[in-house]
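Peer 1: I'll drop the sequence and a predicted model, then ask my questions.
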Amino acid sequence: YCCCCCCVAILSSVLFLVCVCVFLFSFFAGMIVEFISIPVISGFTSAAAITIGMGQVKHILGEGSVRRPFLQCVQDTFQKIGETRTWDLVMGLCCIVLLLCLQKLKTKYGNGSSMLSRTLWLMGTGLSPKQIPQCFLFTCLTCLSSFPSSSS
């Protein structure tokens, strides 16, 4: 057999096993969770939220070279708070405020059947994927405008 055929066979068998595992897990995961107490599930969810949130703070502050493990991440973030990049912080806070305002608009005005309510609901629900390219473009334009031109 050729090497390509072996790779295809291995990949297809791994894909089949993954699909079987996902299928079985989707049916039996609910039964397993019923045996775990609510305080344990709540604690696990809170710990995951704190870990993910702390991992994102370094990006909002624009800090580089922050270590990945949780305790080192917290320590490095607070030690390097003076190295915060102003424009990264401004952009991050603006994005957070914009998302919170659109979520508030969606809950306040997005329950009706008018065109305005549907538009507000769509903007509040689907803004995150649309906001990423806009913020990327804003960052590129800001960075390009801060570099001196190379014309001699």
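Peer 2: Received it, and whenever you're ready, just let me know what you need.
Peer 1: quick one: low-confidence parts of this structure?
Peer 2: Applying pLDDT under 70 to the chain flags the ranges 1-7, 29-30, 32, 109-110, 112, 122-132, 134-152.
Peer 1: That one: helices as residue ranges?
Peer 2: Applying DSSP state H to the chain gives helices spanning 3-33, 38-61, 70-79, 86-109, 115-146.
Peer 1: In TSV, list those helices along with mean neighbour count.
Peer 2: C-beta: built from backbone N, CA, C; applies to glycine. Shown next, in TSV, are these (neighbours: other C-beta atoms under 10 Å):
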stretch	mean neighbour count
helix 3-33	10
helix 38-61	12
helix 70-79	14
helix 86-109	14
helix 115-146	12
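Peer 1: With Leu99 as the reference, measure out to Leu93.
Peer 2: According to C-beta to C-beta, to the nearest Å, Leu93 stands 11 Å off from Leu99.
Peer 1: I'd like the distance between the residue nearest the centre of the chain and Cys94.
Peer 2: Nearest residue to the geometric centre of the chain (C-alpha atoms, centre = their mean): Gln56, 8.3 Å. Plainly put, Gln56 is 15 Å away from Cys94 if you go by C-beta to C-beta.
Peer 1: Ser42 too?
Peer 2: Distance, Ser42 to Cys94, using C-beta to C-beta: 32 Å.
Peer 1: Correct me if wrong: Ser117 contacts Lys108.
Peer 2: No. Taking contacts as C-beta atoms under 8 Å, Ser117 lies outside contact range of Lys108: 9.8 Å.
Peer 1: now stretch 17-35, how far from the chain's geometric center?
Peer 2: 25 Å (C-alpha atoms, centre = their mean, to the nearest Å).
Peer 1: residues making contact with that stretch?
Peer 2: Applying C-beta atoms under 8 Å, 6 or more residues apart in numbering, the contact partners of stretch 17-35 are Ile41.
Peer 1: Could you export that stretch as CSV, CA atoms only?
Peer 2: C-alpha atoms of stretch 17-35 as CSV (Å, rounded to 0.1, in the frame of the first residue of the first chain):
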residue,chain,number,x,y,z
LEU,A,17,-14.0,6.6,16.5
VAL,A,18,-14.5,10.3,17.3
CYS,A,19,-18.0,10.3,15.8
VAL,A,20,-18.9,7.2,17.9
CYS,A,21,-17.5,8.8,21.1
VAL,A,22,-19.4,12.0,20.4
PHE,A,23,-22.6,10.1,19.7
LEU,A,24,-22.3,8.0,22.9
PHE,A,25,-21.3,10.9,25.0
SER,A,26,-24.2,13.0,23.9
PHE,A,27,-26.6,10.4,25.1
PHE,A,28,-25.0,9.4,28.3
ALA,A,29,-23.5,12.6,29.6
GLY,A,30,-26.8,13.7,31.1
MET,A,31,-26.9,10.6,33.2
ILE,A,32,-23.4,11.1,34.5
VAL,A,33,-24.1,14.8,35.4
GLU,A,34,-27.1,13.7,37.5
PHE,A,35,-24.8,12.0,39.9
